[in-house]
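K.L.:
dropping a prediction and its sequence here:
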Amino acid sequence: QVQLVESGGDLVQPGGSLRLSCAASGFTFSSYWMYWVRQAPGKGLEWVSAINNGVGNTYYLDSVKGRFTISRDNAKNTLYLQMNSLKPEDTALYYCAASSRFVYGIGTRSHYDYWGQGTQVTVSS
């Protein structure tokens, strides 16, 4: 069956860095657009970043541009999110998601074909 398993979340101080990973299985990873979506405490789902299934074009939420980098390794069926200069407002549960289509700026789960269980990122001193 399809699985998306996130890892790498942790408690980190403001200004710190984390690298999230998402291991995919059960579908043709290289054929799908891949995404990171987050949900802060008490708030809705927020689209964070996307990477296409071809040449690796990337897209970002304005508030994370220049700080976060999305990447993928199709040979390992793994998606990554390198997060630098972390801020308290980045605190959230981070989900990995997959879609056969390009989804821009929409965090609603129904827009995605597959969805992970999430990994918690907490930015606090």
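P.N.:
Received it, and whenever you're ready, just let me know what you need.
K.L.:
now do the contacts for the nearest residue to residue 10 once chain neighbours are set aside.
P.N.:
Leaving aside its sequence neighbours, residue 10 sits nearest to residue 18 (CB to CB, 6 or more residues apart in numbering; 6.0 Å). The C-beta positions use only the backbone N, C-alpha and C, and glycine is treated the same way. Contacts for residue 18 (CB atoms under 8 Å, 6 or more residues apart in numbering) come out as 8-10, 12, 83, 86, 121.
K.L.:
go through those and name the one nearest residue 65.
P.N.:
For those, the closest approach to residue 65 (CB to CB) belongs to residue 83, at 12.3 Å.
K.L.:
hmm, the closest one is touching residue 21, no?
P.N.:
No: with contact defined as CB atoms under 8 Å, residue 83 does not reach residue 21; the gap is 11.8 Å.
K.L.:
circling back to that earlier point, hey, what's the residue nearest to residue 10 bridged with?
P.N.:
Residues in a beta bridge with residue 18, per DSSP bridges, are residue 83.
K.L.:
can you tell me how far the nearest residue to residue 108 once chain neighbours are set aside is from residue 92?
P.N.:
Nearest residue to residue 108, sequence neighbours excluded (CB to CB, 6+ apart): residue 45, at 6.4 Å. Here residue 45 is placed at a distance of 9 Å from residue 92 (CB to CB, to the nearest Å).
K.L.:
joint contacts of those two?
P.N.:
Counting by CB under 8 Å, 6+ apart, the residues touching both residue 45 and residue 92 are 38-39.
K.L.:
more crowded one of those two?
P.N.:
residue 92 (22 against 18; other CB atoms under 10 Å).
K.L.:
ok now stretch 94-112, how far from the chain's centre?
P.N.:
10 Å (CA atoms, centre = their mean, to the nearest Å).
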